[in-house]
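Fold the following and give me the result.
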Amino acid sequence: MYTVEEIANELDISKVTIYSKLRKFPDEVIIKKGKKYITDRLFDVIKDELDSKKEDNPHDIKVSINGSVVEDINEANEISELNQGLIEAVIGQLNEKDMQIKEKDNQIRTLQKLIENSQMILKQEQEKDLKKISMESHFEEFDKKLTEIKEKLDQRRKLEIELKERKENKKLWNKIFK
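Numbering: from 1, shown residues only. Below is the predicted model of the structure:
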């Protein structure tokens, strides 16, 4: 009895080829402890089949794809189609990621503009607040000065009234003593 690895090494073919042959002869495969063993009879059948195939079709060439040996052109074509499909899938994913990155870049630009606008608005509000505070202090000073002027005017009026009264009193005294 042989393992799949032993047959692959001895016949210089891939394990994939051996497994495809095993599907045709399931009665000749023995599984022990999870490992597949092939009977001598099936080994001879596989060997004869490969020999006859090589003689019948000289165009079948051993091709190395990604480090594995492929027995015939059909198998090589299948692997090539599979690889091409994988490449196309990866390219599709890369294109999708590029689109997502562009979308994220646009979102970042939009957010940066929003942040700049918010900062401008905040700065304008701060300037308004400073102007309000400045205006309030200016009006307070103005109010104080007005109050001072008003008090001075009141004092002057009082003085004028007093002076008038004195003058009148003097006149009256003058009239009396004249």
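
Give the rounded mean pLDDT of the helix or strand harbouring Gln126.
In this structure, Gln126 is located in helix 73-177 according to DSSP states H and E. On average, the pLDDT along helix 73-177 is 90.

Please name every helix or strand in contact with that helix.
strand 63-65 (3 or more Cβ pairs under 8 Å, 6 or more residues apart in numbering; DSSP states H and E). Quick note: C-beta positions are derived from backbone N, CA and C, even for glycine.

and the residue nearest the centre of the chain, what is it in contact with?
The C-alpha lying nearest the average C-alpha coordinate of the chain belongs to Lys104 (Cα atoms, centre = their mean; 5.9 Å). By Cβ atoms under 8 Å, 6 or more residues apart in numbering, no residues touch Lys104.

do the same with Lys35
Thr3.

can you tell me how far it sits from Tyr2?
Using Cβ to Cβ, to the nearest Å, one gets 11 Å for the distance from Lys35 to Tyr2.

Identify the residue nearest Glu10 in space, chain neighbours excluded?
Tyr2 (7.7 Å; Cβ to Cβ, 6 or more residues apart in numbering).

correction: Val45
Phe25 (7.0 Å).

Thought Asp44 was touching that neighbour, still the case?
No - contact criterion Cβ atoms under 8 Å: Phe25 and Asp44 do not qualify, at 11.5 Å.

neighbour-wise, which of the two wins?
Ranked by neighbour count (other Cβ atoms under 10 Å), Phe25 and Asp44 place Phe25 first, with 14 against 10.
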